[in-house]
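[1] give the three-dimensional model of this entry:
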Amino acid sequence: MGRLLFSAATLVISAAVSGCAVMSEEECYNADWSQVGYDDGVNGRPSSRFNEYVDACSRYVNVNRSAYDSGRRQGADVFCTNDRAYQLGMENQEVSDICTISSNYHNFKKYYTNGVNVYNECRPLYQTDEYLTSLNDYVSDFRLGALHSQLMADRDYLMLNRANLDNYCNYVKSNGYEGKFRRTDYSRFIDGMPYPAAIEATADAEKMFEDVDRAYREIDRMIDEARRCEDRASDNDDRSERDRCRNRSRCLIRERERLSENEKKEVWNYSRNLNYTGTLYHSWIDDYRKCR
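    Predicted coordinates for the structure are as follows:
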């Protein structure tokens, strides 16, 4: 997410610099620098673009700075409209320093700021959508036990809250162009975001299933290690070591099958208290390490 940064006299934003030459040798010879500047202005490119032309072309031709700047100023007036400023602000998009040379600079700054204000007012709606997406990944998983009920309740709350936030966001967008909107009628819903219980419940579910996946990865690593141990012992004709590694491999495979069979029950037990402590992985790994 970008942000337009204002100082007393400048509009500054970082811009990516291409690692490739912006012009070929032939393009350098044929360039109309006034038109090149105009195209850069119309497309909102930063002033640093000129330095790229110098790097690419100075060995072949003289890069006409005066013609380029003149064309870029004309293009900037096309790019730096009030409507574009507002739209870019609402999308929280980055803008180069192009509008500092536009005759509409002060209006652009005003309407961009108005747009950013709209974006910030609508952020609770965007956050709610992110939380709902996370919750929807887990609400259909009944392994979560009591935590599943908490997630369902959180989703219902967020859906209700979202309807109000959506209404408020539409209201702000309709009135934000000139910065004329009030929070009064919606403040209860806005101040309620983010919704901590929903975040905590989702984080618990994510952590729990991360631990499940982590446990499977670890036991698979142990099984693979035991099998390689068995192969090495066979190559060295070490029967005692081969049998030890084979027994370990078989024990680990049985533990993995047990884990798969009991996974739903294990997760249910750990989720009953609605407060996941992060010990599930260590509990399972301790069981695997019994295989010697």
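
[2] need the contact list for Asn107.
    Going by Cβ atoms under 8 Å, 6 or more residues apart in numbering, Asn107 touches 82, 85. C-betas here are computed from N, CA, C, even on glycine.

[3] mind pulling up the pLDDT for it?
    Per-residue pLDDT puts Asn107 at 96.

[4] equivalent analysis for Tyr138, please.
    Confidence at Tyr138, expressed as pLDDT, is 77.

[5] did I read that right, it in a strand?
    No - counting by DSSP: H, G, I helix; E, B strand; the rest coil, one finds Tyr138 to be coil, located in no strand.

[6] helix/strand/coil for Ser66?
    Under three-state DSSP, Ser66 comes out as helix.

[7] give me the neighbour count for it.
    By the measure other Cβ atoms under 10 Å, the count of residues near Ser66 is 10.

[8] so Asn136 versus Glu130, what's the distance?
    11 Å (Cβ to Cβ, to the nearest Å).

[9] pLDDT on the host helix or strand of Glu261, on average?
    Taking DSSP states H and E as the criterion, Glu261 maps to helix 239-271. Averaging pLDDT along helix 239-271 yields 81.

[10] angle of whichever helix or strand comes after that helix against helix 239-271?
    Downstream of helix 239-271, the next assigned helix or strand under DSSP H and E is helix 280-288. Relative orientation of helix 280-288 and helix 239-271, computed by axes from the mean of the first three to the mean of the last three Cα atoms, to 10 degrees: 150 degrees.

[11] for helix 280-288, packing partners?
    Contacts defined by 3 or more Cβ pairs under 8 Å, 6 or more residues apart in numbering; DSSP states H and E place helix 280-288 against helix 196-235, helix 239-271.

[12] do you know which of these lies nearest His148?
    In terms of Cβ to Cβ, the element of the helices and strands packed on helix 280-288 nearest to His148 is helix 239-271, at 7.5 Å.

[13] what angle sits between the closest one and helix 196-235?
    With the same axes, to 10 degrees applied, the angle from helix 239-271 to helix 196-235 works out at 170 degrees.

[14] packing partners for helix 239-271?
    By 3+ Cβ pairs under 8 Å, 6+ apart, helix 239-271 packs against helix 146-175, helix 196-235, helix 280-288.

[15] mean neighbour count and distance to Ala76 for these - can I get that in a markdown table?
    Putting the helices and strands packed on helix 239-271 into a markdown table (neighbours: other Cβ atoms under 10 Å; distance: least, Cβ to Cβ, whole Å) gives the following:
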| stretch | mean neighbour count | distance to Ala76 |
| --- | --- | --- |
| helix 146-175 | 17 | 26 |
| helix 196-235 | 16 | 43 |
| helix 280-288 | 16 | 57 |
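
[16] span of stretch 56-63 from start to end?
    10 Å (Cα to Cα, to the nearest Å).

[17] quick check: mean pLDDT across it?
    94.

[18] mind checking how far that stretch is from the chain centre?
    Taking Cα atoms, centre = their mean, to the nearest Å, the mean C-alpha location of stretch 56-63 is offset from the chain mean by 40 Å.

[19] can you give me the buried ones in that stretch?
    56-57, 63 (16 or more other Cβ atoms under 10 Å).

[20] mark which of those residues are part of helices, please.
    56-57 (DSSP state H).

[21] give me the distance from the helix holding Glu261 to the chain's centre.
    That offset, for helix 239-271, works out to 37 Å (Cα atoms, centre = their mean).

[22] Thr100: neighbour count?
    Quick note: Thr100 (other Cβ under 10 Å) scores 16 neighbours.

[23] and what of the one 10 residues further on?
    Lys110 has 17 neighbours, counted by other Cβ under 10 Å.

[24] can you check Tyr29 too?
    Tyr29 has 11 nearby residues by other Cβ under 10 Å.

[25] tell me the confidence at it?
    On pLDDT, Tyr29 comes in at 94.

[26] element containing it, please.
    Going by DSSP H and E, Tyr29 is part of helix 25-30.

[27] which secondary structure elements does that helix sit against?
    Here helix 25-30 touches helix 49-57, going by 3+ Cβ pairs under 8 Å, 6+ apart.

[28] how many other residues sit next to the closest residue in space to Glu206 that isn't next to it in sequence?
    Distance criterion Cβ to Cβ, 6 or more residues apart in numbering; nearest residue to Glu206, sequence neighbours excluded, is Ser134 at 7.4 Å. The tally of other residues near Ser134 (other Cβ under 10 Å) stands at 18.
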